[in-house]
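Trainee: fold the following.
(chains A, B, C and D)
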4 protein chains.
Amino acid sequence: MAYTSELSLKEIRRDLHAYPEAGWKEFRTTALVAEELEEQGFTVHLGADAVETSERLGVPSEDEIQEAKRRIQDTGCSERYLDRIGDVTGIVAEKTYGSGAGPTVGVRVDMDALERVEASEKEHRPAREGFNSRHPGVMHACGHDGHTTIGIGIARELDANGGFDGHLKLFFQPAEEGGRGGYPMSKTGHLEDIDHFLALHLGLDNETGKVIAAYERPLSNAKLDVTFIGEGAHAGKAPNQGRNALQAATTAIQNVYAIPRHEDGATRINVGQVYSPNAQNVIAEEAQMRVEVRGETADLNEYMLAKVHRIIEHAAGMHDVECETALYGKTTTFQSDSSLVDIVVQAANSVEDVEMVVDREDLGASEDASYLINEVQKNGGKATYVGIGASNPYGHHTSRFDIDEDALPLGVNVLSKTIRQL
Amino acid sequence: MAYTSELSLKEIRRDLHAYPEAGWKEFRTTALVAEELEEQGFTVHLGADAVETSERLGVPSEDEIQEAKRRIQDTGCSERYLDRIGDVTGIVAEKTYGSGAGPTVGVRVDMDALERVEASEKEHRPAREGFNSRHPGVMHACGHDGHTTIGIGIARELDANGGFDGHLKLFFQPAEEGGRGGYPMSKTGHLEDIDHFLALHLGLDNETGKVIAAYERPLSNAKLDVTFIGEGAHAGKAPNQGRNALQAATTAIQNVYAIPRHEDGATRINVGQVYSPNAQNVIAEEAQMRVEVRGETADLNEYMLAKVHRIIEHAAGMHDVECETALYGKTTTFQSDSSLVDIVVQAANSVEDVEMVVDREDLGASEDASYLINEVQKNGGKATYVGIGASNPYGHHTSRFDIDEDALPLGVNVLSKTIRQL
Amino acid sequence: MAYTSELSLKEIRRDLHAYPEAGWKEFRTTALVAEELEEQGFTVHLGADAVETSERLGVPSEDEIQEAKRRIQDTGCSERYLDRIGDVTGIVAEKTYGSGAGPTVGVRVDMDALERVEASEKEHRPAREGFNSRHPGVMHACGHDGHTTIGIGIARELDANGGFDGHLKLFFQPAEEGGRGGYPMSKTGHLEDIDHFLALHLGLDNETGKVIAAYERPLSNAKLDVTFIGEGAHAGKAPNQGRNALQAATTAIQNVYAIPRHEDGATRINVGQVYSPNAQNVIAEEAQMRVEVRGETADLNEYMLAKVHRIIEHAAGMHDVECETALYGKTTTFQSDSSLVDIVVQAANSVEDVEMVVDREDLGASEDASYLINEVQKNGGKATYVGIGASNPYGHHTSRFDIDEDALPLGVNVLSKTIRQL
Amino acid sequence: MAYTSELSLKEIRRDLHAYPEAGWKEFRTTALVAEELEEQGFTVHLGADAVETSERLGVPSEDEIQEAKRRIQDTGCSERYLDRIGDVTGIVAEKTYGSGAGPTVGVRVDMDALERVEASEKEHRPAREGFNSRHPGVMHACGHDGHTTIGIGIARELDANGGFDGHLKLFFQPAEEGGRGGYPMSKTGHLEDIDHFLALHLGLDNETGKVIAAYERPLSNAKLDVTFIGEGAHAGKAPNQGRNALQAATTAIQNVYAIPRHEDGATRINVGQVYSPNAQNVIAEEAQMRVEVRGETADLNEYMLAKVHRIIEHAAGMHDVECETALYGKTTTFQSDSSLVDIVVQAANSVEDVEMVVDREDLGASEDASYLINEVQKNGGKATYVGIGASNPYGHHTSRFDIDEDALPLGVNVLSKTIRQL
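Mentor: Below is the predicted model of the structure:
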């Protein structure tokens, strides 16, 4: 019997919180979810059946992947499922309810954690109640532990209480942080026949009891990992013999910040994770950085990305250094479909403990569910991205982030009721 | 009879001073010198016979050339010679003395003036005595009027007083300023058979009566005219539609100043004449600049020039603009030959009014006689570059520069005596 | 009798077109308008009574001012008025109609031309019909000749046909180009009692017969003239002795383009008129540039301007050079008042030959009538900025710009009718 | 009895090699040397008596210091000495020989290792013979283990074989790497009465058997740790709310590389250890870097350092970020005294196994013994810096660096003989 099947939703969320797994390393999470859903009668697609592996972005090194798998031995997940997963995390699970005559509904939740240290103060409930991270330097600081739990909860709820006569597909997406898993999951074919598609996010500065039926219009986003590779030389004896990767990087950085503003709308540019570790007496052999661009539209994002590529290439050429770039992640933008939004509003209003339902709101952040939503809409389906309030005093991505667990059943109910009304 | 043949050396110098002609525009000067030397029995090579025209650097526009010719009508120079000159200034004149059994001696003087406004205060002798520039914005501010005069003076002196039994070649070089005329003159073949070669400069902070037998080791130098050509766009409405030539130029400028210092010796870099004239509300369509590099050796100069080319090309590429470069001028370096230097020292010491003779000194400035000297030395000849002191309180290239005319006969005598002793 | 009083509106426009005067040099225009209006019974304020002189921006040098006055002698304008004008152009003229019991209405037109060469081809009507610019390098390329004419036309129309019972103030603003005259005119006190305020612009890509009742929401704008003053030094002999104004300028330019985008809306930045004229072998003593910033709101504009100031100051400090900045011009933004817009719509619809009336449109360009509009609104008055279509195949600010003179009576009528309906 | 006193010089060197300690962490080395020398009758100055603590440069954090002390427990050094040392490493030891009537002679050796991983291949003798580093990431890769050993060897030799009638001061300097310990040791007063001063270095690409009596004229050098402290902000939502430390750093880096070349001689500039670790979606709160400047003279070095300070300060100001700088290390230059050099030449020539003695050579690298040498010379003493050849196939600072231990007695003998001849 599945490890999770004896646990309540709250217990599942706490178990996931205690074993956070960063993007493309969600092996334990994938195994637990897959086992529980197969017990419930779902057909479960894993590995290359859940994610178009050739399209994966920002994948950790082979060593990191193996270390992630090693680390979770003896933590309650099934070896059998780990074998089936292989090296690629992510699940698509599907099940037909009743006659199956009704619509095909997709629900997407994400599973990955962040690479940051969790707070250990007793004021932080996970620490106080003993479910804080067992994986040093990794933390569920964005509520995806809750999202995964809600995914399981929806399956349990429809199983237990019926009322849906159609086909359900649950997408447990890996590597949402950085926008790395949405795109390859959107390329699998599982979205082709979806009539209605629901994604969700907990929190986002909304108190428990508030529901946003349609978060939409996030900025499009792309992240580029850049490495300049020059040649070292003694900076005192023969600076001319070097090829300076740092000068290339600084020229690139100065110029990417200066990309022309665009007439069509807002754009963004930023650079982070800049490292040029050479000793001060050696001409820099290497400089790394990660560049992020955004645009109000996908086109604006592409405009920025093309400019960045051009600048980087020529900054390298200018200093006679090599340059390698790799897309680390990307997201696009979307708008929710009114017909579906109306149903979510209705459903949410009928849920006990929901106190406030908002129609539509702009989603400031970036989100790679955008690719799944675009794919569904391209195929004629309807989609929306639902916000489920979850009180907590500390912001997303901080070391003391937590979610109000009362939001879990609330999320399950809003989405289950929506599914039943479709 | 030649216009100049009735004039004393001092009068010739003052006549030249009054009609200064900048590089590649020395039409009147060339005509006067050519006429006088032909009267003295020299064979005179003009135009493409004096200068390898395809190698000329920093040539003014056709309009400027024609305007320079128009301006000097009715100023005493012969139409016939102007016709022979065509559009290319410069003279090589040769004559055999005595049996011609002795060595072939070359003497190089330069003829061009600078583009700057001459002082009009009465404290400035040319203004006080009425021989200041008739060509507004052009001025003999580096003593080349004196150099040309000394060239004529040597011819007169050897003619008048004999004592030389060999072949004399006089090189009246155009466009020394900027290093534009030396290189193409060195490519003509006239230097192939030179046994001894003398170049000279007046002043250089030396008082009248002082002679430096060998100025040498100038920095090599190259000047590059650069134009970035982008595309305008309204900076308020659609900055993204432009391709910004100014951003390319500023990126280039910042990076050329940062070219790595070289282990092998001193290098220099500077940028001048930067113009980006677009209105502030238009993305810059164009930006121009002139870059100058120098090196203690010709190789170091080439190192700098290659770096500049690379930086400019990629600064243009980075901002998607076109780039045109043209070599505006160049000089190289040289060392004087001891055997010849010794003879100059002897000769100078025997000249009345010479009070101090210095063996060798480093020439801080750049000088394109270097190309003629290199060519002579390559062919087995000996060469030196002689400094003839000429007191004046104001520096070279300033609006109140003047030369002590007592230095003229002194220069004639030092070089004539040297020629006789060869 | 006034020179203009015998001329038709079309003749006045052509006369003004033939004698274009750039910002702060509108001496002839001011004199002609003043004389005509005094003949019509207006009280005319000139010089420091029309413009707050201490607040003037982008004022030409004293020499340029005097040359502008010299140039127009014997061109038909009255010496007496030129004396009254002194050195400061601009007019505020006021007159009470009927009992004066009605509202105080302000109308603003601008008078200045642009510094550019007018086309001389016969296809260009001003050239063909002989009223092209007599002032080489100056041209009415934005239609202000027409605006001034319409200002006179409104006075003539209300005089001739009555129907207005109130107080009229006509603002003939100098130096609109660059945003230099609006701010100082807004500081004079003449706007304190205005109940309704109308500004206007011809053309703007609208065909004759189209009226936009409210152009609004231009980008705020500021232009800064910047001079970096360093110290020259020989770039070959002693580059270290210089203080490089060009390096300061390029550092500033690179960094102003990289000012962070702002969360509150669109911003713009551009640099033009960059000059660093030093010879390439001299460390740059001076570098000039003009920086322009814009913002969707006045606050965004101020954000950009403050960043520019900070960057420039520290770019200078970084290279140990001095820095002088002068605000060359500025504009702000505004929204039109609905009550007044409605009346303009009504009035325009009642004018024969008006074929299309648009309610509101965003004004892409910047406009310093904004300061007058803001001042009126601050004091409780209502304002709008009216677009009067005027067909022409060539864009504003081009050498072949022209206006369809049929738009002149149309503009007079739309505004006069509006005034009568207030 | 001292741990080292039973060991041969070769064994001491191997023991030190096995326990390498980086700059300011030489606790074990200091304790062992101090104990041995006290046993030999030296008066030993430790801690603040050996180094002017307030002038120390590049001191590790308190945590690192304590960890360095913890690590060496139970490695053979005396607790008693560790207590006397406190937190400040370095030794000055002095002893009078014979009547003490002769000169006061100083000998300086350095003790610190480098932070790098030692090779573990069997081809690397320390690995093969088991004396490779027990401190992971620390390695004697510059031969200071040998220098310290020679210092002890000289004391043993003079003790054993006599022949010196004067006062000997041994300076065991900490933190030579980076130029951090020389300056504070030069400020202690121990150098005031030195008549003759000898410093030494093994290897430097010289084979065993070769001696350079005077290495001299190293480039002056200074290293500056720079931290820019800005303010984070979400790069997508509100980039304007940040203060970007990375933009400050890149502006600084571009401009320090572009510091004007100096007429007086060679200068160098380089930047290393650049870290701006912010996530790509956060405006950089922090950027660190280490800047190194060099100059052919101390003045040129100061010229560069002053320029760097100015640039950094204004790069910070330009982007409204804070900036902290700390001198990480510095060295100066020196020339050796002929009288002393002659004696070293004589002495070296008399040592068996010395095959080649070179008079003087330029020391390409930087060296902070320069401060001690300058101090001695300032007080009227004579000084030189002696090179002792030590064959090894791999370069200094590489992971396979090693020294030929035959050079140890050779170094002891050259210096001891020199001391006896003084």
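
Trainee: so residue A:125 makes contact with residue A:404?
Mentor: No: in this structure, residue A:125 is not within contact of residue A:404 by Cβ atoms under 8 Å, at 9.9 Å. C-beta here means a position set from N, CA and C on the backbone, and glycine is covered the same way.

Trainee: around chain D, which positions in the stretch 301-422 of chain A sit nearby?
Mentor: A:364, A:365, A:366 (Cβ under 8 Å from any Cβ of the partner chain).

Trainee: top of those by number of neighbours, please.
Mentor: residue A:366 (26 neighbours; other Cβ atoms under 10 Å in any protein chain shown).

Trainee: so it belongs to a strand, correct?
Mentor: No: counting by DSSP: H, G, I helix; E, B strand; the rest coil, residue A:366 is not part of a strand but coil.

Trainee: hmm, residue A:221 and it touching each other?
Mentor: Yes: the pair residue A:366 / residue A:221 is scored as a contact, 3.8 Å apart, by Cβ under 8 Å.

Trainee: anything in contact with each of the two?
Mentor: Here residue A:366 and residue A:221 have A:179, A:294, A:331, D:236 as joint contacts, going by Cβ atoms under 8 Å, 6 or more residues apart in numbering or on different chains.

Trainee: now, of those residues, which are buried?
Mentor: Burial by neighbour count, 16 or more other Cβ atoms under 10 Å in any protein chain shown: within the shared contacts of residue A:366 and residue A:221 this picks out A:179, A:294, A:331, D:236.

Trainee: which residues touch the residue positioned nearest the centre of chain A?
Mentor: By Cα atoms, centre = their mean, chain A has its centre lying nearest to residue A:176, at 1.2 Å. The neighbourhood of residue A:176, defined by Cβ under 8 Å, 6+ apart, consists of A:23, A:110, A:111, A:112, A:144, A:182, A:367, A:368, A:369.

Trainee: ok, now with 7 Å
Mentor: By Cβ atoms under 7 Å, 6 or more residues apart in numbering or on different chains, the residues touching residue A:176 are A:110, A:112, A:144, A:182, A:368.

Trainee: give me phi/psi at it?
Mentor: phi -70, psi -40 (degrees, to the nearest 10).

Trainee: could you find the closest non-adjacent residue to it?
Mentor: residue A:110 (3.8 Å; Cβ to Cβ, 6 or more residues apart in numbering or on different chains).

Trainee: tell me what the one you found is bridged to.
Mentor: residue A:173 (DSSP bridges).

Trainee: now swap in residue A:216 and tell me
Mentor: residue A:362.

Trainee: if I look at it, how far off is chain D?
Mentor: Residue A:216 sits 16 Å away from chain D, going by Cβ to the nearest Cβ, to the nearest Å.

Trainee: what count of nearby residues applies to that residue?
Mentor: 21.

Trainee: hang on, the earlier thing: with the contacts of residue A:176 in mind, which one is nearest to chain C?
Mentor: Using Cβ to the nearest Cβ, the shortest approach to chain C within the contacts of residue A:176 belongs to residue A:368, at 22.4 Å.

Trainee: what count of nearby residues applies to the closest one?
Mentor: So residue A:368, with other Cβ under 10 Å, has 30 neighbours.

Trainee: wait, it sits on residue A:334?
Mentor: No: using Cβ atoms under 7 Å, residue A:368 is not in contact with residue A:334, being 10.6 Å away.

Trainee: got the buried ones among the shared contacts of residue A:366 and residue A:221 as TSV, with distance to residue A:57, secondary structure and pLDDT columns?
Mentor: As requested, these are exported to TSV (distance: Cβ to Cβ, whole Å; DSSP: H, G, I helix; E, B strand; the rest coil; pLDDT from 0 to 100):
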residue	distance to residue A:57	secondary structure	pLDDT
A:179	7	coil	95
A:294	16	strand	96
A:331	10	strand	96
D:236	18	coil	90
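
Trainee: out of those residues, who's nearest residue B:53?
Mentor: residue A:294 (56.9 Å; Cβ to Cβ).

Trainee: I figured the closest one hits residue D:236, correct?
Mentor: Yes: with contact defined as Cβ under 7 Å, residue A:294 reaches residue D:236; the gap is 5.3 Å.

Trainee: quick check: neighbours shared by the two?
Mentor: Common neighbours of residue A:294 and residue D:236 (Cβ under 7 Å, 6+ apart) are A:219, A:268, A:366.

Trainee: may I see those arranged in TSV, with pLDDT and distance to residue D:59 as well?
Mentor: Compiled in TSV, these are given as follows (pLDDT from 0 to 100; distance: Cβ to Cβ, whole Å):
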residue	pLDDT	distance to residue D:59
A:219	92	46
A:268	97	41
A:366	88	44
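
Trainee: tell me the domain boundaries of chain A?
Mentor: A:3-218+A:334-421, A:220-331 (automatic domain parsing).

Trainee: how about those domains, which one is nearest residue D:32?
Mentor: domain A:220-331 (28.7 Å).

Trainee: that closest one close to chain C?
Mentor: Yes: with Cβ under 7 Å from any Cβ of the partner chain as the measure, domain A:220-331 is seen reaching chain C through A:254, A:257, A:258, A:261, A:267, A:268.

Trainee: what number of residues lie near the residue nearest to the fourth one when sequence neighbours are not counted?
Mentor: With Cβ to Cβ, 6+ apart as the criterion, residue A:261 has its nearest non-adjacent residue at 5.5 Å, and that residue is residue B:239. Residue B:239 is flanked by 22 other residues according to other Cβ under 10 Å.
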